[in-house]
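A.B. asks: got a predicted model here, sequence first, then my questions.
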Amino acid sequence: MKTKLINCFLLLIIGANLYAQKIIIIETTKTIIEEENNKTQIVSPSENANNFQYKLEASETNCQKTDAPDWSKNATIYEVNPRQYTSEGTFEAFSEHLPRLKKMGVDILWFMPIHPIGEKNRKGSLGSYYSVTDYKAVNPEFGDNEDFRKMVNAIHDLDMKIILDWVPNHTAWDHHWVKEGKMEYYTLDSIGGLQPPLGTDWWDVTDLNYDNQEMRQRMIGDMEYWIKEFDIDGYRCDVATWVPDDFWVEANTALKKLKDVFMLAEAEVPSHHDSGFHMSYAWDLHHRMNEVAKGKKDVLHIRDYFDNHAKEFNSYDYRMNFTSNHDENSWNGTVKERMGDAIKTFAVFASTVDGMPLIYSGQEAGLDKRLRFFEKDTIDFSKLPLEDFYTKLMHLNKDNQALWNGEFGGDLQFITSITDTNCLAYFREKNGNKVLVMLNLSDKKQEIELQGNSFLGTYTDLFTGKKVSIEKDYKEKLKPWAYRVLSVE
């Protein structure tokens, strides 16, 4: 039986004693939506994230440090949905946005899968990006190899990086491996047939068998291809938890012989950082943000994440903070649906606590619709009401060392009372660079009071440019969901 299937059953038995796995059948926070074809779809298989912690010194674990590329220490990341980004939906059309994104402060462009999409058991008319027929080919809807190469070169010319979304857990039913008769590459059912990943309704894909060493080597070879042929800068690896850790060790070792790549795991599992990944999702924190924004929880729920979930990850592990991404937007709701009037408040929060901030396609344009996942649904970039807002946050994150990623940034210090259930303030400092953030995480006016002395001094307000003097026992009245970001560089 495959390793990942064994892990599924272990989780059912001992649950919270193991790291949370992305297993839909044991999740407690599934989102169920009704598709246009009247078929119910269970989505967001990674909603339940237990026992994940914020920060720990390396000396307190037996983990080995995975050095991230030097350029990533103050990088920001932006997710590109190529199908929906322009009316043309091509690499060439997207490339026109590169100067704007560079100006906004974006460093890493994470592209959703760019490969041809399966036709057998396809969902919708265009299908899912994550149903791949050939790992070494480009989806003709986006362009051809030369179009992709031209775009990669344009990205590099702007001193930006590109990472590709890689789908290692499953392929389309009409992937060329199936056509080659390589059935041993797949997890077969009791009668020897292909099947979707266990416990899902992902009927457009079929599960891969990582007990097969030949398949593993071909998978690694396909990942090497894009680095050798197109000089890409790394990967975001889909459902990374469903692929054995020893594969990731082998794959990441091979890739880094070619280039100092950057690796993002779509998971929240500390062991991935020992398997060659540099960054993982901060899902738990994201869900807590949603709960506070909806009034279901208060500030103490946020503080609990840092106070009691800070011992699984190391200080050098990058965590990705976000208010939206392709899964959250399409399946769980727009930022407006989930966060209401707290959209900008939590964008500030996600950009100033420990971790790398993510912006999803269209957030700077105030995207307020759930993008259809299997159909064309173009984002409207004719107006960019939040571009200046995100630009200020991204540049602060890049320029102020206090906000740099992992161990390169400053430690997080809370400077409001533990009994304050409405307001949150924190301070970070690194090499003389300082950032002080004050947030009203409620829908009512509040007075915030700062405690301590380490942060006293004169700052510049990020959004007004005015000087602000922070003195002992500083107090300020804040409007509902108000935010202030003060800095010294």
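C.D. replies: Perfect, I can see it now.
A.B. asks: okay, CA-based contacts and neighbour counts for the rest of this
C.D. replies: Noted.
A.B. asks: next structured bit after the longest helix along the chain?
C.D. replies: Ranked by residue count and defined by DSSP state H, the top helix of the chain is helix 213-230. The helix or strand immediately downstream of helix 213-230 is strand 234-237, counting by DSSP states H and E.
A.B. asks: could you identify the helix or strand that succeeds that following strand?
C.D. replies: The helix or strand immediately downstream of strand 234-237 is helix 245-258, counting by DSSP H and E.
A.B. asks: pull the CA atoms of that following helix into PDB?
C.D. replies: C-alpha atoms of helix 245-258 as PDB (Å, rounded to 0.1, in the frame of the first residue of the first chain):
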ATOM      1  CA  ASP A 245       9.000  13.600   2.100                       C
ATOM      2  CA  ASP A 246      11.800  11.400   0.800                       C
ATOM      3  CA  PHE A 247      10.700  12.200  -2.800                       C
ATOM      4  CA  TRP A 248      11.000  15.900  -2.000                       C
ATOM      5  CA  VAL A 249      14.500  15.400  -0.500                       C
ATOM      6  CA  GLU A 250      15.500  13.700  -3.700                       C
ATOM      7  CA  ALA A 251      13.800  16.100  -6.100                       C
ATOM      8  CA  ASN A 252      15.000  19.300  -4.300                       C
ATOM      9  CA  THR A 253      18.500  18.000  -4.100                       C
ATOM     10  CA  ALA A 254      18.500  17.300  -7.900                       C
ATOM     11  CA  LEU A 255      17.000  20.700  -8.700                       C
ATOM     12  CA  LYS A 256      19.500  22.700  -6.600                       C
ATOM     13  CA  LYS A 257      22.400  21.100  -8.500                       C
ATOM     14  CA  LEU A 258      21.000  23.000 -11.500                       C
END
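A.B. asks: what residues does the following helix or strand past it touch?
C.D. replies: Heading C-terminal from helix 245-258, the first helix or strand you meet, by DSSP H and E, is strand 262-265. Residues from elsewhere that reach strand 262-265, judged by Cα atoms under 8 Å, 6 or more residues apart in numbering: 68-69, 72, 163, 233-240, 272, 276-281.
A.B. asks: what lines up beside the helix or strand just after strand 262-265 in the sheet?
C.D. replies: Sequence-wise, the next helix or strand downstream of strand 262-265 (DSSP H and E) is strand 279-281. Using DSSP bridges, the strands paired with strand 279-281 are strand 262-265 (parallel), strand 318-321 (parallel).
A.B. asks: on that earlier part again, quick one, which of the contacts of strand 262-265 are buried?
C.D. replies: Listed as buried from those are 68, 72, 163, 233-240, 272, 276-281; burial here means 16 or more other Cα atoms under 10 Å.
A.B. asks: quick one: the strands in the stretch 101-250 of the chain?
C.D. replies: Listed from the start of the chain, the stretch 101-250 of the chain has strands (DSSP state E, counting those that start in this stretch) covering 108-111, 161-166, 170-172, 205-207, 234-237.
A.B. asks: point out the most buried one among these.
C.D. replies: strand 170-172 (a mean of 26; mean count of other Cα atoms under 10 Å).
A.B. asks: ok, D207 - contacts?
C.D. replies: N169, H170, T171, Y186, T187, L194, Q195, P196, P197, L198.
A.B. asks: helices along the stretch 251-400 of the chain, start to end?
C.D. replies: Along the stretch 251-400 of the chain, counting by DSSP state H, counting those that start in this stretch, helices occupy 283-293, 299-308, 326-327, 335-339, 343-352, 387-399.
A.B. asks: which elements pack onto the fourth one?
C.D. replies: Going back to what we said before, that points to helix 335-339. Under the contact definition 3 or more Cα pairs under 8 Å, 6 or more residues apart in numbering; DSSP states H and E, helix 335-339 sits against helix 283-293.
A.B. asks: using CSV, list the CA coordinates for the helix it packs on.
C.D. replies: Taking Å, rounded to 0.1, in the frame of the first residue of the first chain, the C-alpha atoms of helix 283-293 are listed here in CSV:
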residue,chain,number,x,y,z
TRP,A,283,-3.2,28.6,6.5
ASP,A,284,-4.0,28.5,10.2
LEU,A,285,-3.3,32.2,10.5
HIS,A,286,-5.3,33.0,7.4
HIS,A,287,-8.4,31.2,8.9
ARG,A,288,-8.0,33.0,12.1
MET,A,289,-8.0,36.3,10.3
ASN,A,290,-11.3,35.3,8.6
GLU,A,291,-12.9,34.3,11.9
VAL,A,292,-11.9,37.6,13.6
ALA,A,293,-13.1,39.6,10.6
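A.B. asks: that helix packs against which elements?
C.D. replies: Other helices and strands packing on helix 283-293, by 3+ Cα pairs under 8 Å, 6+ apart, are helix 299-308, strand 318-321, helix 335-339.
A.B. asks: out of those, flag the one nearest V178.
C.D. replies: Each of these has some distance to V178 by Cα to Cα; the shortest is strand 318-321, at 34.9 Å.
A.B. asks: any weak-confidence spans in the stretch 201-350 of the chain?
C.D. replies: Filtered on pLDDT under 70, the stretch 201-350 of the chain yields the residue ranges 310.
A.B. asks: quick one: A347 and G409, what's the gap?
C.D. replies: Using Cα to Cα, to the nearest Å, one obtains 18 Å as the distance from A347 to G409.
A.B. asks: could you do E224 as well?
C.D. replies: Distance of E224 to G409, given as Cα to Cα: 31 Å.
A.B. asks: hang on, the earlier thing: make a markdown table from the strands paired with strand 279-281 and add mean neighbour count to it.
C.D. replies: Below are these laid out as a markdown table (neighbours: other Cα atoms under 10 Å):
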| stretch | mean neighbour count |
| --- | --- |
| strand 262-265 | 26 |
| strand 318-321 | 26 |
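A.B. asks: next, give phi and psi for the nearest residue to V468 once chain neighbours are set aside.
C.D. replies: Leaving aside its sequence neighbours, V468 sits nearest to Y459 (Cα to Cα, 6 or more residues apart in numbering; 5.2 Å). Main-chain dihedrals, Y459, degrees, to the nearest 10: phi -130, psi 170.
A.B. asks: you'd agree Y459 is up against V485?
C.D. replies: No. Contact criterion Cα atoms under 8 Å: Y459 and V485 do not qualify, at 9.3 Å.
A.B. asks: ok, back up a step: so which of the helices of the stretch 251-400 of the chain is nearest K477?
C.D. replies: Comparison of the helices of the stretch 251-400 of the chain against K477 by Cα to Cα identifies helix 343-352 as nearest, at 15.7 Å.
A.B. asks: that closest one packs against which elements?
C.D. replies: In terms of contacts (3+ Cα pairs under 8 Å, 6+ apart), helix 343-352 is packed against helix 387-399, strand 483-488.
A.B. asks: measure L300 to Q446 for me?
C.D. replies: Noted for L300: a distance of 16 Å to Q446, by Cα to Cα.
A.B. asks: cool, Y135 as well?
C.D. replies: Separation of Y135 from Q446 (Cα to Cα) stands at 53 Å.
A.B. asks: out of these two, which sits in the busier spot?
C.D. replies: Between Y135 and Q446, counted using other Cα atoms under 10 Å, Y135 has the larger neighbour count: 23 against 19.
A.B. asks: I'd assumed I114 was in contact with the more buried one.
C.D. replies: No. Here Y135 does not reach I114: they are 9.0 Å apart, not a contact under Cα under 8 Å.
A.B. asks: having no further points to raise, I will conclude here.
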